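Q: Kindly return the folded structure for what I paste below:
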Amino acid sequence: MDLVLPNLVVIGAMKCGTSALHRMLAAHPAISMAAVKEANFFIGAERSNASPGTSWRDGQWCRGLEWYSSLFDGSLPVRGESSPGYTSPDHSQSAPRMRGVVPEARLVYLVRDPAERACSQFRHHVREKDELRPADEALLDPASQYISRSRYHARLRPYLDHFPREQILVVVQERLREQPTEELSRILRHVGLGEAPVRTPPAPAVRSSPNGDCLPRRLREQFYEEVADDVARLRALIDDAIPEWGC
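A: Numbers count the residues shown, from 1 in each chain. Alright, predicted model coming up:
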C-alpha cells in the first residue's frame, strides 16, 4: 500500500496564528491540509491507552503511518498539517521522528512578539481556568512554559539539527497579519508553488481580552529580559531585525 504523507508541516509556535495559516493554506487549490487540525502524529508513546477524545492531546504516534496517511489527499501536489505541539518543550522526540518519516518535508514555523505570545497563552489558560495566578507571577515563572515557548530559537533547535536549513521557513506573525498576500506568497514559494494567491486571504484575527492587556510596561520589559538572548539568536538565524517586535 502506497502511503500518502505530507510534504508541508506547520510546526508552531503556540498562539502565533497557526490556525489562521492552516485555513489560508487549505483554501489554495493545490494544497490539501489535513482536516484534523493539530494531528500531533509525531507526539506520544509507541502504545497508548488514551481514548479517541484525548488522543489529540496525548499524541497519535501509536496510531501508525496508515492512520497518518489517511489524513491527506494524494491527488494534490502539496499536502500539509499544522501541529504547534511539535515545538513544545515537552516533545523532544518530534523532530527526529519527523525526519525519519518525512525527511523532504518543508517546515513552516510562525513566531510572534514573544511577550504578546506569552500573554495570549496566559489568557487562554485563564479562560480554561487552568491558571489562577496574576500575570506577573505566572509569566515570569521559570518553571512554566510561558517563557520557554517564547524562546523560539531554542524550540527550533531540534529541527535545525535534523533538517537542512533551507527546508525551514520562519514566518513573523505580525507580517502575516498586516501583509497576508505577500507572506502567503513567500510560504507558497517555500513549498514549491510559485504562483501568488488567487485573492488576498483574510488576515489572521487577533483575539482581544475582555480583561484588558496582561502586559503592563514593566512586566513586558521583565519578560523581554528573560528571552533577549534567544531573540538575538533568532534574528541572526533568519538575518532579520524583526523591527515589529519591541525588544
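
Q: so Pro96 sits in a helix?
A: Yes - the assignment for Pro96 is a helix, going by DSSP: H, G, I helix; E, B strand; the rest coil.

Q: Phi, psi for the closest residue to it other than its chain neighbours please.
A: Spatial nearest neighbour of Pro96, chain neighbours left out: His162 (5.8 Å); criterion: CB to CB, 6 or more residues apart in numbering. C-beta coordinates here come from the backbone N, C-alpha and C atoms, glycine included. Per-residue torsions, His162: phi -110, psi -20 (degrees, to the nearest 10).

Q: I'd like to know how many residues surround His162.
A: 17 (other CB atoms under 10 Å).

Q: Check which helices and strands the helix or strand containing Ala138 is in contact with.
A: Secondary structure from DSSP states H and E places Ala138 in helix 135-139. Contacts defined by 3 or more CB pairs under 8 Å, 6 or more residues apart in numbering; DSSP states H and E place helix 135-139 against helix 114-127, helix 145-148, helix 217-238.

Q: Quick one: closest of those helices to Tyr86.
A: helix 145-148 (14.4 Å; CB to CB).

Q: from what I can see, Arg63 looks like it's in a helix, true?
A: Yes - counting by three-state DSSP, Arg63 is found in a helix.

Q: Pull the number of nearby residues for it.
A: Neighbour tally, Arg63, other CB under 10 Å: 16.

Q: Same question for the one 4 residues further on.
A: Counted by other CB under 10 Å, the residues lying close to Trp67 total 13.
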